[in-house]
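>>> Need a 3D model of the sequence below.
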Amino acid sequence: MNTVSDFLEKPGFDAGERLVIVHVDDIGMCQSTLSAFAELWDRGAVSSGSVMTPCPWFPAVAAWYNRHLEADLGVHITLTSEWSTYRWGPVTAAVQADNLMDSSQRYFHATRAAVCQRADTGAVSREMRGQLALARRFGLRPSHIDSHMLTCLQPRFLPDFLRLALANRLPALVTRACLRQLDDAAEDLWERHLGEVGLPVFEQFVVVKRCLTTQAYNAALKTIVGSLPVGLSCILLHPAKDSPELRATVDNWKHRVVEYEALLQKKLWCYAREAGVKIVNYQQLFQPRSGVEGASVSGLKR
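Residues are numbered from 1 along each chain as shown. Coordinates of the predicted model:
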């Protein structure tokens, strides 16, 4: 079993603790996601984030990162484009990514179900690798990879997502429940391979349900923090500053603005302290073990 104590290499943690990464998704989707994350990061209100490389504001995120190299920033692998009037598509060549796109508009499919039904695993694997490579070409040194709308965590695509993590020695936001989607032998094998290179398996990730006031949001957040299990968890956030672009793009824009405003209050950190939960980030915890080559994934069948 790949426990907290199996992959923590720095002192001060033990297997009986509750650890959580406070993580911002969707950075670069639109401008206000970047400005919100930049302020939250500068104020120490969040511990990590990830960028959507296919989206229009990705270059601006990369420019910000290159002025803030200490930032804990990963790649939010993106295979869907869910908003009806604001779309994006693959970073790989169209001939290689044809079945990743809808037939009429030539953007990513809007839903996870459509990707699972129509995309082949080879195209998905190439696109995942392409997005990570693009981030690096813009100067990012990703701290981890995770998955927009959880598409990479679906059983068809999960093995290649894990191969990408192992080949690059990058933590992936994957839980035990995700691995249990595979057969028992594959679940055990993946967990062992992740443990061999010092990469984690999360206990859970959780998203705060839609709230329309900061009071309601903070109450929900306090409940979440208080109920975190022993081990490593991740709270997934989607904050954004209010803007005409955000309002015209996203149907849940009010929740995202409330989330940004509530996080600025930093009450989450008080809730964590009261509950005995430690807030951490990927850079603090995960130092992949030396002497373990990417070839360790070769025995894992597609």
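
>>> Return the alpha-carbon coordinates of stretch 188-207 using CSV.
Only the C-alpha atoms of stretch 188-207 are listed here, as CSV (Å, rounded to 0.1, in the frame of the first residue of the first chain):
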residue,chain,number,x,y,z
ASP,A,188,-1.9,-3.0,-7.3
LEU,A,189,0.7,-2.7,-10.1
TRP,A,190,0.1,1.0,-10.7
GLU,A,191,0.2,1.7,-7.0
ARG,A,192,3.5,-0.1,-6.7
HIS,A,193,5.1,1.7,-9.6
LEU,A,194,4.0,5.1,-8.3
GLY,A,195,5.5,4.2,-4.9
GLU,A,196,8.8,3.1,-6.5
VAL,A,197,9.4,6.6,-7.8
GLY,A,198,8.0,8.5,-4.8
LEU,A,199,4.8,9.6,-6.3
PRO,A,200,1.6,9.7,-4.3
VAL,A,201,-1.9,8.3,-4.4
PHE,A,202,-4.4,10.7,-3.0
GLU,A,203,-7.1,9.7,-0.5
GLN,A,204,-9.6,12.1,-2.1
PHE,A,205,-10.2,15.3,-3.9
VAL,A,206,-13.1,17.5,-3.2
VAL,A,207,-14.8,20.6,-4.9
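
>>> Please tell me how far residue 72 sits from residue 171.
Per Cβ to Cβ, to the nearest Å, residue 72 is found 11 Å from residue 171. All C-beta atoms are positioned from the backbone trio N, CA, C, and that covers glycine.

>>> okay, and the common contacts of those two?
Common contacts of residue 72 and residue 171 (Cβ atoms under 8 Å, 6 or more residues apart in numbering): 143, 282.

>>> more neighbours, those two?
Per other Cβ atoms under 10 Å, whichever of residue 72 and residue 171 has more neighbours is residue 171, with 27 against 20.

>>> who touches the more buried one in this structure?
Contacts of residue 171 by Cβ under 8 Å, 6+ apart are 143, 144, 145, 165, 199, 200, 282, 286.

>>> Just the pLDDT for the first one.
pLDDT, the model's per-residue confidence, is 97 for residue 143.

>>> picking that back up, please list the members of the contacts of residue 171 that lie in strands.
Counting by DSSP state E, the contacts of residue 171 place residue 145 in strands.
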